[in-house]
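Asker: compute the structure for the input listed below.
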Amino acid sequence: MNRKRTGMLLLFLSDIAMVFIILQSAITVRKSVLPYFLSFPDFPMIDFTFFWWVFPIWLFFFAYEGLYTKRFSFWDEVKVLWKVAVFATLGVFAILYLGKFGEHVSRTVLVVMSLISFPVLPLIRINVKKLLISLGLLKSKALVIGAGKTGELIFKALKRDPHLGLDVVGFLDDDAEKIGKTIGDIRIHGGVDKAHKYVGRCGIEDVIIAMPGCEKKKVFSLINNLQHKTQHILLIPDLFGLTVLGTNLQHFFQEQAIGLEVKNNLARPVNIIMKKIFDLIVSFFLIVILAVPMLAIAVLIRINSKGAAIFSQDRIGRKDRTFKCYKFRTMFSDADENFDALLERNPKAQDEWNNHRKLRNDPRVTTIGRFLRQTSLDELPQIFNVLKGDMSLVGPRPVTRMEIDTYYREQAKLCFGVPPGVSGLWQVSGRSNTSYDYRIALDSWYVRNWNLWLDIVILLKTFRVVLKREGAV
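Answerer: Reported below is the predicted structural model:
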């Protein structure tokens with residue numbers, strides 16, 4: 001516990017230093033950069049000592065959003081940090097105007113501070129937290145009760161996101177065939193009913209109950225026995241595949257019951273409009289930024305092989321409407337003429353095409369086309385599809401009529417109740433390394449769990465995947 005308190009204290013001190021860095025950067029920009037471009041009124045006091053009152057406001061919102069008490073995954077913490085930046089800035093301006101001393105303070109410094117905080121807050125805080133976790137100062141020992149498929153899934157999830165700070169030190173299970181074996185490098189012990197002894201002996205702070213098939217009476221007994229011996233108990237119910245983002249917990253106190261309220265986010269007109277506005281604004285800026293590189297790519301395609309630089313193909317959009325999906329041409333212009341014969345001569349290629357609808361070593365692809373596919377630059381013209389309203393920046397994969405009839409079937413109505421996307425969960429989850437059925441599962445999960453933050457996360461992950469060329473062919 002002392003190590004954890006030390007970690008929290010160091011995290012708090014780093015937050016103070018981080019706010020100071022952001023504030024000082026904003027002051028420097030206001031005093032030394034912006035005057036070259038714009039004229040500003042002179043303020044006699046523009047230094048961090050004059051803005052001392054900003055620190056408690058920012059730190060209040062850090063604490064209010066649970067950044068010292070709750071455990072967040074990586075992307076959830078980024079979201080909360082951006083939320084803190086917005087509310088802290090609003091809080092600062094509210095105090096300015098309520099205190100009626102706004103005329104004596106450089107509001108430009110406060111605005112610039114807010115803008116700088118969006119990239120700097122996650123960059124500094126998450127790396128500081130990562131360092132503290134690696135030193136064991138913000139890490140909690142966790143015991144997983146249940147060593148079946150669910151327990152293994154939870155273990156993999158915690159390994160994938162070390163930012164949660166949960167260190168699994170053991171498994172408990174009553175299955176004699178599992179006892180003595182390992183999951184990862186963690187040993188499975190016997191005696192679920194003895195969990196309280198392991199908790200006391202090993203200094204366990206978090207218990208994860210991952211036995212969705214266990215009878216209710218036994219689960220309740222476990223929770224009642226462990227609740228006051230640990231800091232947290234995480235119960236994994238048998239609700240895999242259920243919508244999770246935006247799901248609310250409803251309490252019925254007198255009946256001692258709880259309910260899960262599942263929302264259809266994309267059925268609300270305000271969310272549809274918000275997604276559309278987000279698509280248009282981001283697409284417009286992308287077109288401005290990428291206009292010259294896209295022109296250069298088009299010239300290289302024409303030099304490398306005969307034919308038009310832009311290739312279009314019929315795809316199925318929202319509500320079963322057909323549209324022309326644009327891409328940079330990556331194949332020779334006569335690529336489709338001998339394709340069926342190619343598959344007949346090569347059974348392995350036939351199987352690969354049936355499973356993935358792609359060929360890893362496709363002979364139809366040009367030299368420049370292979371590079372465009374590996375970097376996903378071939379999909380840049382789809383930004384025009386977004387501006388036309390045929391597609392969204394994030395959504396299910398744009399597919400052909402044959403793919404819908406053959407693979408999607410009953411899932412088609414759900415997946416294509418929204419516009420297909422330039423990027424999506426498939427693109428950031430292994431792309432061509434995944435099976436077609438898994439792609440469909442990802443598309444349906446996206447539609448059921450949509451919110452604007454999910455779109456932002458997928459877009460940010462897309463840049464990383466493209467740079468690393470993960471799963472590209």
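
Asker: would you mind listing the buried residues in the biggest helix by length in the chain?
Answerer: Longest helix in the chain by number of residues (criterion: DSSP state H): helix 269-304. If you call a residue buried by 16 or more other Cβ atoms under 10 Å, then helix 269-304 has these buried ones: Asn271, Lys275, Phe278, Asp279, Val282, Ser283, Leu286, Met294, Ile297, Ala298, Ile301, Asn304. Glycine gets a C-beta too; all of them are placed from N, C-alpha and C.

Asker: show me which pair in those residues is furthest apart.
Answerer: Asn271 and Asn304 (42.8 Å; Cβ to Cβ).

Asker: quick one: contacts for Arg401?
Answerer: By Cβ atoms under 8 Å, 6 or more residues apart in numbering, the residues touching Arg401 are Asp314, Ile316, Thr322.

Asker: take the residues you listed and keep only those in strands.
Answerer: With DSSP state E as the criterion, strands contain Asp314, Ile316, Thr322 from among the contacts of Arg401.

Asker: out of those residues, which are buried?
Answerer: Ile316.

Asker: of the ones in strands among the contacts of Arg401, which is the nearest to Leu131?
Answerer: Nearest member of the ones in strands among the contacts of Arg401 to Leu131, counting by Cβ to Cβ, is Ile316, at 47.9 Å.

Asker: ok, what's across the strand from the closest one?
Answerer: Thr322, Val399 (DSSP bridges).

Asker: and the closest residue to Asp390 other than its chain neighbours, how many residues sit next to it?
Answerer: Nearest non-adjacent residue to Asp390, counting by Cβ to Cβ, 6 or more residues apart in numbering: Phe323, 4.1 Å away. Phe323 has 20 neighbours, counted by other Cβ atoms under 10 Å.

Asker: residue contacts, Phe323?
Answerer: Phe323 makes contact with Asp314, Arg315, Gly317, Asn385, Lys388, Asp390, Met391, according to Cβ under 8 Å, 6+ apart.

Asker: present those residues as CSV; the columns should include distance to Arg3.
Answerer: Shown next, in CSV, are these (distance: Cβ to Cβ, whole Å):
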residue, distance to Arg3
Asp314, 60
Arg315, 55
Gly317, 54
Asn385, 53
Lys388, 56
Asp390, 55
Met391, 50
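
Asker: which one of those residues is nearest to Ile95?
Answerer: Closest approach to Ile95 among the contacts of Phe323 (Cβ to Cβ): Met391, at 44.0 Å.

Asker: separation between that closest one and Val422?
Answerer: Per Cβ to Cβ, to the nearest Å, Met391 is found 6 Å from Val422.

Asker: okay, and the common contacts of the two?
Answerer: Gln382, Asn385.

Asker: and the helices in the stretch 101-250 of the chain?
Answerer: 107-134, 149-160, 195-202, 216-226 (DSSP state H, counting those that start in this stretch).

Asker: which helices and strands sit right next to the last one?
Answerer: If I follow you right, that is helix 216-226. helix 195-202, strand 206-209, strand 232-235 (3 or more Cβ pairs under 8 Å, 6 or more residues apart in numbering; DSSP states H and E).

Asker: so what touches it?
Answerer: Applying Cβ under 8 Å, 6+ apart, the contact partners of helix 216-226 are Ile145, Val192, Ala195, His196, Val199, Val207, Ile209, Met211, Ile233, Leu235.

Asker: that older thread, tell me which of the contacts of Arg401 is nearest to Gln254?
Answerer: Looking across the contacts of Arg401 and measuring by Cβ to Cβ, the closest to Gln254 is Ile316, at 49.9 Å.

Asker: how far away is the closest one from Asp390?
Answerer: From Ile316 to Asp390 the distance is 11 Å (Cβ to Cβ).

Asker: Asp173: neighbour count?
Answerer: Asp173, neighbours per other Cβ under 10 Å, totals 23.

Asker: leaving out sequence neighbours, find the closest residue to it.
Answerer: Closest to Asp173 by Cβ to Cβ, 6+ apart is Ala147, at 3.9 Å.

Asker: what is the neighbour count of the one you found?
Answerer: Neighbourhood size, Ala147 [other Cβ under 10 Å]: 29.

Asker: residues contacting it?
Answerer: Phe171, Leu172, Asp173, Asp175, Lys178, Lys181, Ile183, Ile188.

Asker: for the stretch 1-150 of the chain, what spans make up the strands?
Answerer: For the stretch 1-150 of the chain, strands defined by DSSP state E, counting those that start in this stretch occupy the ranges 140-145.

Asker: relative to Leu123, how far out is Ile316?
Answerer: According to Cβ to Cβ, Ile316 stands 40 Å off from Leu123.

Asker: go on, Arg373?
Answerer: In this structure, Arg373 and Leu123 are 31 Å apart, going by Cβ to Cβ.

Asker: I figured Leu132 hits Leu10, correct?
Answerer: Yes. Using Cβ atoms under 8 Å, Leu132 is in contact with Leu10, at 6.1 Å.

Asker: who's more crowded, the two?
Answerer: Leu132 (21 against 17).

Asker: which stretches of the stretch 301-450 of the chain form strands?
Answerer: Under DSSP E, counting those that start in this stretch, the stretch 301-450 of the chain gives strands at 310-316, 322-328, 392-394, 421-423.

Asker: how about those strands in JSON lines, adding distance to Leu260 and mean pLDDT?
Answerer: Converted to JSON lines, those look like this (distance: least, Cβ to Cβ, whole Å; pLDDT from 0 to 100):
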{"stretch": "strand 310-316", "distance to Leu260": "32", "mean pLDDT": "89"}
{"stretch": "strand 322-328", "distance to Leu260": "37", "mean pLDDT": "92"}
{"stretch": "strand 392-394", "distance to Leu260": "25", "mean pLDDT": "94"}
{"stretch": "strand 421-423", "distance to Leu260": "27", "mean pLDDT": "92"}
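
Asker: ok, which of those comes nearest Glu215?
Answerer: Across these, Glu215 has its closest neighbour in strand 392-394 (41.4 Å, Cβ to Cβ).

Asker: who touches the closest one?
Answerer: For strand 392-394, contacts defined as Cβ under 8 Å, 6+ apart pick out 275, 278-279, 282-283, 386, 418-424, 446, 454-455, 458-459.

Asker: cutoff 7 Å now
Answerer: 275, 279, 282-283, 386, 418-419, 421-424, 455, 458-459 (Cβ atoms under 7 Å, 6 or more residues apart in numbering).

Asker: just for the stretch 351-473 of the chain, where's the confidence low?
Answerer: For the stretch 351-473 of the chain, the stretches with pLDDT under 70 are 351-363, 430-434, 469-473.

Asker: where do the helices sit along it?
Answerer: For the stretch 351-473 of the chain, the helices defined by DSSP H, counting those that start in this stretch cover 367-375, 382-388, 401-403, 412-415, 436-448, 452-468.

Asker: show me what contacts the spatially closest residue to Val169 that is not a sequence neighbour?
Answerer: Take Val169 and drop its neighbours on the chain: the residue closest to it by Cβ to Cβ, 6+ apart is Lys141, 4.9 Å away. By Cβ under 7 Å, 6+ apart, Lys141 lies in contact with Asp167, Val169, Cys202, Gly203, Ile204, Glu205.

Asker: if you rank those by neighbours, which is first?
Answerer: Ile204 (21 neighbours).

Asker: quick one: it from Met8, how far?
Answerer: Taking Cβ to Cβ, one finds Ile204 at 19 Å from Met8.

Asker: over to Ser312?
Answerer: To Met8, Ser312 is 56 Å away according to Cβ to Cβ.
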